[in-house]
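Engineer: I'd like to go over a predicted model; first the sequence, then the structure.
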Amino acid sequence: DVKVTQSSRYLVKRTGEKVFLECVQDMDHENMFWYRQDPGLGLRLIYFSYDVKMKEKGDIPEGYSVSREKKERFSLILESASTNQTSMYLCASSQGSPNQPQHFGDGTRLSIL
Amino acid sequence: DQQVKQNSPSLSVQEGRISILNCDYTNSMFDYFLWYKKYPAEGPTFLISISSIKDKNEDGRFTVFLNKSAKHLSLHIVPSQPGDSAVYFCAASTFGNEKLTFGTGTRLTIIP
């Protein structure tokens, strides 16, 4: 089974802090994704990566950056956390061939105070 | 602009009956569709998918129907069980594009 592991289930940070969310997958997947889930808005794509050191903006990249130095690890960075970034963050991975489902981690509930 | 829409935020169904969850899309370039199920405090899990060359795909109690002309898909769960109570998301992508566009979700509650 695919295992996508997010480093923290719950995280509380203060406004202005730099926040790192880590994600690791164990299936040698080429693609990795970061989403945020908010009530009534579903899952919205922040960034994704289709290869090491490659990244593309999703639908809501503002205020975020990402890093993928190794194939199995994809990090989401909040450069200067703000209260409107309080959300559930979900990481996913998928194979690099067409029409493959994405596999998700259990999420990080991030609160910015 | 919401390209994938789930117009029912919630649905309640008696145990043993059929649950029908609906999803509409506006982008005619979408050709691959998926359903995910999400329990509280867990990530979404992949349930079933369908490509645009088909109009139906079955997997056990779950069947997805695709009506391309209406830009509509539905997920049927028969018979519904208490463990099916969860939030269901539909998602869509275009060929060769690994990005998924998700709907806003429908919370299904199965009444014992």
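Structural biologist: Received it, and whenever you're ready, just let me know what you need.
Engineer: tell me which parts of chain A are close to chain B?
Structural biologist: A:4, A:9, A:31, A:33, A:35, A:40-45, A:48, A:50, A:58, A:90, A:92, A:94, A:96, A:98-107 (Cβ under 8 Å from any Cβ of the partner chain). All C-beta spots, glycine's among them, are computed from the backbone N, C-alpha and C.
Engineer: Who is the residue in chain A positioned nearest to chain B paired with across the strands?
Structural biologist: Taking Cβ to the nearest Cβ, chain B has its nearest neighbour within chain A at A:F104, 3.4 Å off. With DSSP bridges applied, A:F104 shows beta-bridge pairing to A:A92.
Engineer: same deal with A:V66?
Structural biologist: Beta-bridge pairing of A:V66 under DSSP bridges involves A:L76.
Engineer: For it, give me its contacts.
Structural biologist: By Cβ atoms under 8 Å, 6 or more residues apart in numbering or on different chains, the contact set of A:V66 is A:34, A:46-47, A:49, A:55, A:74-77.
Engineer: now the residue of chain A closest to chain B: how far from A:T5?
Structural biologist: Going from A:F104 to A:T5 by Cβ to Cβ, to the nearest Å gives 11 Å.
Engineer: Then A:F48?
Structural biologist: 18 Å.
Engineer: out of those two, which sits in the busier spot?
Structural biologist: Set A:F48 next to A:T5 and count neighbours by other Cβ atoms under 10 Å in any protein chain shown: A:F48 wins out with 25 against 14.
Engineer: So the more buried one: helix, strand or coil?
Structural biologist: Secondary structure, DSSP: H, G, I helix; E, B strand; the rest coil: A:F48 is strand.
Engineer: Go ahead and confirm it touches A:F33.
Structural biologist: Yes - counting by Cβ atoms under 8 Å, A:F48 does reach A:F33; the two are 4.4 Å apart.
Engineer: what is in contact with the two at once?
Structural biologist: With Cβ under 8 Å, 6+ apart, A:F48 and A:F33 have common neighbours A:58, B:99.
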